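S.K.: Got a sequence here, can you build the structure:
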Amino acid sequence: MIPSFRSVKVLSLIFLLLFLSSGCIDILLTPPPGPSFPQPSGIDDLYEILPDIQTCYEGILKDSEKQKVLEELNFIRSLHGLNPVNYNYEDDIYTAKAALIIVANEEMNHHPDQSYKCWTEEGEFGSSHSNLHMSWGWEDKIPKSEDFVIGWVVDEGVESLGHRRWMLFPFLKDTSYGRVDILGFTGAVIKVVNDEINPSNVDFVAYPYEEYPRNLFLKNWYLSFSVVADRNNLWNNEKVDFSDAVIEIHNEDGEILQVNSIYYDNEGYGIPNNLQWKVNGIKYGIKYTVNIKNVKVFGINKNYEYWFNLI
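M.R.: The predicted model follows:
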């Protein structure tokens, strides 16, 4: 409500006292002022209103930044033949406040409690339903949001490949993205766990797959494969058994590559079945054929074949 002219001075004093005594920006009726600490060049290109960690304000990310993430995610999904996902703006409050928690504490946790700085129920919910990322040690060169998407897909150093499996989840319907930056530190969050799902349009998800950009794959890291045994019922896809599976990879000359570090599980990171392995000697620009034999799907042995070429 707009105050009368005579009450402006009194209300201004009240607002000033409230601001000085509170650590929460939500009591203000207008957007907060810009942060008082140094900001990296280019940050204005990311935000409508800059974040301010000192007052637990996550800022307002520009829609153009959210669309960059959506486009990168859908581009990568298209390489695997997966349906595109939509952007859910209603979930932005969860991802933005989850990113705020990461930056305020300089720590990632899918289940932050009330002891965390800038904790909110929305931030806790976003943390538990999203892939998380933090970058630190940079100076003037702000990290690109698209690079976070690539990082989640490659999933270097994460043995479960949980981030990759969510990004390439064939049942994924929509997503939301949030990030918060201060000088030298970034927290980023993408929501991937939702109540609603889309039916799958593929019978398996292989990584890498067919003509595949080399920047999306590390040659010393895991390849992976999941079966979509039921395109409509997500949890029916638990009924896939890789315990007797045999993986063979060969190039166009028929030379067989050595496979190692084989692991499989039925954990619910995206599709509840996953087979992963590493390969010695992969080269760029070479077409490789992958055969995965003796996969039990609903108790019946099935074989799968596909190819990839890192371009």
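S.K.: helix or strand for S78, which one?
M.R.: Assigned by DSSP states H and E, S78 belongs to helix 63-79.
S.K.: average pLDDT for whichever helix or strand comes after that helix?
M.R.: Next along the chain after helix 63-79, taking DSSP H and E as the criterion, comes strand 86-87. What strand 86-87 shows for mean pLDDT is 98.
S.K.: Please apply the same query to stretch 227-247.
M.R.: Looking at stretch 227-247 alone, the average pLDDT works out to 98.
S.K.: same deal with stretch 138-156?
M.R.: For stretch 138-156, mean pLDDT rounds to 92.
S.K.: Using PDB, list the CA coordinates for it.
M.R.: Output of stretch 138-156 as PDB, limited to C-alpha atoms (Å, rounded to 0.1, in the frame of the first residue of the first chain):
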ATOM      1  CA  TRP A 138      38.000 -17.700 -10.500                       C
ATOM      2  CA  GLU A 139      38.700 -14.000 -10.800                       C
ATOM      3  CA  ASP A 140      37.200 -11.800 -13.500                       C
ATOM      4  CA  LYS A 141      36.200 -14.600 -15.800                       C
ATOM      5  CA  ILE A 142      32.700 -15.700 -14.700                       C
ATOM      6  CA  PRO A 143      31.900 -19.400 -15.300                       C
ATOM      7  CA  LYS A 144      29.300 -20.000 -18.100                       C
ATOM      8  CA  SER A 145      26.100 -21.700 -17.100                       C
ATOM      9  CA  GLU A 146      26.300 -23.900 -20.100                       C
ATOM     10  CA  ASP A 147      29.600 -25.300 -18.800                       C
ATOM     11  CA  PHE A 148      27.800 -26.500 -15.600                       C
ATOM     12  CA  VAL A 149      25.400 -28.500 -17.800                       C
ATOM     13  CA  ILE A 150      28.300 -30.100 -19.500                       C
ATOM     14  CA  GLY A 151      29.900 -30.800 -16.200                       C
ATOM     15  CA  TRP A 152      26.800 -32.600 -14.900                       C
ATOM     16  CA  VAL A 153      26.700 -34.800 -18.000                       C
ATOM     17  CA  VAL A 154      30.400 -35.700 -17.900                       C
ATOM     18  CA  ASP A 155      30.200 -36.200 -14.100                       C
ATOM     19  CA  GLU A 156      33.900 -36.400 -13.600                       C
END
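S.K.: which parts of it are buried?
M.R.: For stretch 138-156, the neighbour count (16 or more other CB atoms under 10 Å) marks 142-143, 145-146, 148-155 as buried. Glycine gets a C-beta too; all of them are placed from N, C-alpha and C.
S.K.: Stretch 183-197 too?
M.R.: Across stretch 183-197, burial judged by 16+ other CB under 10 Å covers 185-192, 194.
S.K.: Which ones among the residues you listed map onto strands?
M.R.: 185-191 (DSSP state E).
S.K.: rewinding a little: and of the buried residues of stretch 183-197, the nearest to I102?
M.R.: G187 (3.1 Å; CB to CB).
S.K.: Quick check: the gap between the closest residue to that closest one other than its chain neighbours and N215.
M.R.: Nearest residue to G187, sequence neighbours excluded (CB to CB, 6 or more residues apart in numbering): I102, at 3.1 Å. Distance of I102 to N215, given as CB to CB, to the nearest Å: 25 Å.
S.K.: Same check on V158?
M.R.: Counting by CB to CB, the gap from V158 to N215 is 18 Å.
S.K.: higher neighbour count, those two?
M.R.: V158 (17 against 10; other CB atoms under 10 Å).
S.K.: doesn't the more buried one fall inside a helix?
M.R.: No: applying DSSP: H, G, I helix; E, B strand; the rest coil, one finds V158 to be coil, outside a helix.
S.K.: rewinding a little: make CSV from the buried residues of stretch 183-197 and add pLDDT to it.
M.R.: Shown next, in CSV, are the buried residues of stretch 183-197 (pLDDT from 0 to 100):
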residue, pLDDT
F185, 93
T186, 96
G187, 97
A188, 98
V189, 98
I190, 98
K191, 98
V192, 98
N194, 95
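S.K.: Sweet, I'm off.
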